[in-house]
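S.K.: turn this into a model:
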Amino acid sequence: MSRRATGATTITQPFNTRAANVIPEDICPVCKRNRYLNTSMTFKINPECYHPMCSQCVETIFKSGPAQCPYASCNKTLRLKGFREAMFADLTIQREVDIRKRVAAVFNNTQDDFETLRHYNNYLQDVEDLTFSLVYGDDSDRMEAEVKLIDYEQQHKAAIERNKKKGSEADALRIKRQKEAEAAAVARKAEQQHQEEEARAEEAKLNQEVMEALQRGEPGSAADIQARIMAKKKAKLATMNGGHFAASLDASRGISIRGLRQKKTGPSADEEDRNKPYSPYAGIHLEPTRYSLQSDYENPHLVKAKTDKGHQVGGYSTQEYITRAMFEAFAGLGVMVGHEKASDQRNGGTTAPRDAAARSKTSRPLTTDPRAEINDVFV
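M.R.: Have a look, this model is predicted:
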């Protein structure tokens with residue numbers, strides 16, 4: 001059993017370790033006050049022992065000076081200025097967070113302070129081992145880690161202060177940038193709201209002008225009147241912009257630069273191509289230019305093909321035959337052999353002897369076909 005209570009400074013029940021690891025919800029473990037009767041009651045802890053108690057107990061016990069913790073199994077001497085409200089209801093987590101904050105304030109080196117990344121990783125591992133001993137170690141491990149932490153803080157006090165100042169400057173710069181970003185966002189939002197208000201005011205003004213025009217008896221519907229008003233405003237705005245640009249141009253005529261390339265005022269070649277109608281053959285015209293293809297020709301050889309179902313079922317088309325025959329008949333009329341030979345001779349004459357030799361080897365006596373003099377291309 002624990003010690004007997006003297007006033008309201010000592011717990012009357014046995015010490016419960018599990019109960020002391022969480023913040024009470026309704027009843028103070030020291031004075032037994034109930035939240036139901038004290039709605040403004042808050043619980044506080046001291047990092048020396050993390051034993052929770054209500055704010056009234058803290059004021060009553062520690063107002064006159066340092067005193068022993070009212071928990072029966074705790075011999076820590078506490079002071080009033082060390083008490084504060086816990087951030088977490090689980091005091092185990094609260095204690096670990098406080099220890100990590102304390103260790104991070106002492107071991108505040110950054111990666112830029114080390115020669116290699118390997119040294120920095122080893123440093124982080126040593127810090128984590130020390131933190132683990134302080135949080136989860138037994139009494140001997142915690143005492144040893146506490147001694148190491150105090151010794152390091154005393155030996156590197158200047159470096160710790162320097163790194164703290166550097167971190168404070170970085171935090172100040174980060175806060176400044178964050179404030180600038182927030183201010184820019186507020187300015188953008190205000191500008192957007194201003195534009196929306198101007199748009200609503202312009203719309204209301206336009207509607208008022210349309211109503212006045214309808215009252216005056218102007219011809220047309222409301223939509224027509226609105227379109228005319230918008231056209232007048234656009235024309236007026238274009239005139240004002242043109243005058244402004246002309247004034248700016250007159251003001252800049254004091255300097256004359258020679259040797260500048262003249263810029264084309266007309267549309268560019270790309271714009272002309274875009275304005276042309278779409279052509280699937282890239283502008284190449286496949287219509288015949290040396291003859292006009294008729295829809296039908298009188299040819300006795302094609303009479304049977306036109307009427308016989310055996311030809312038609314297989315997909316045979318006399319029109320395709322006529323088109324191909326006319327194309328083959330007029331295909332060579334645009335070729336000037338003499339001009340091509342002269343061009344080959346001017347280019348070095350390398351192809352003419354070879355072609356002549358090839359023709360001499362494969363040439364045979366020409367026989368004249370009497371049908372070649374007939375104008376009909378289908379025979």
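S.K.: which strand or helix spans residue 322?
M.R.: Assigned by DSSP states H and E, residue 322 belongs to helix 318-330.
S.K.: what lies in contact with that helix?
M.R.: Helix 318-330 is contacted from outside by 288, 290, 291, 293, 297, 302, 305, 306, 377, 378, using C-beta atoms under 8 Å, 6 or more residues apart in numbering. (Glycine included, C-beta is placed from N, CA and C.)
S.K.: now the fifth one. Nearest residue, chain neighbours left out?
M.R.: Setting aside the residues directly before and after it, residue 297 is nearest to residue 322 in space (C-beta to C-beta, 6 or more residues apart in numbering), at 5.9 Å.
S.K.: next: the second one.
M.R.: When the adjacent residues along the chain are set aside, residue 290 lies closest to residue 330, with 4.9 Å between them (C-beta to C-beta, 6+ apart).
S.K.: please report the distance of that neighbour from residue 315.
M.R.: To residue 315, residue 330 is 26 Å away according to C-beta to C-beta, to the nearest Å.
S.K.: of those two, who's got more company?
M.R.: A direct count of neighbours by other C-beta atoms under 10 Å for residue 330 and residue 315 places residue 330 higher, at 14 against 7.
S.K.: and that one, how far is that from residue 289?
M.R.: 9 Å.
S.K.: ok, residues contacting the host helix or strand of residue 145?
M.R.: Assigned by DSSP H and E, residue 145 belongs to helix 139-155. Outside helix 139-155, the residues within contact range by C-beta under 8 Å, 6+ apart are 102, 103, 106, 107, 130, 133, 134, 137, 160.
S.K.: who touches the first one in this structure?
M.R.: Which is residue 102. Per C-beta under 8 Å, 6+ apart, neighbours of residue 102: residue 149.
S.K.: quick one: residue 44 and residue 84 touch, right?
M.R.: Yes - if you go by C-beta atoms under 8 Å, residue 44 and residue 84 touch, sitting 6.1 Å apart.
S.K.: so which of these two has more stuff around it?
M.R.: Taking other C-beta under 10 Å, residue 44 and residue 84 do not tie; residue 44 has more neighbours (19 against 11).
S.K.: from residue 62, how far out is that one?
M.R.: Taken as C-beta to C-beta, the span from residue 44 to residue 62 is 10 Å.
S.K.: phi first, then psi, for residue 67.
M.R.: Main-chain torsions, residue 67, degrees, to the nearest 10: phi -150, psi 170.
S.K.: residues near it, how many?
M.R.: For residue 67, using other C-beta under 10 Å, the count is 15.
S.K.: that one bridge partners, please.
M.R.: Residue 67 has these beta-bridge partners by DSSP bridges: residue 78.
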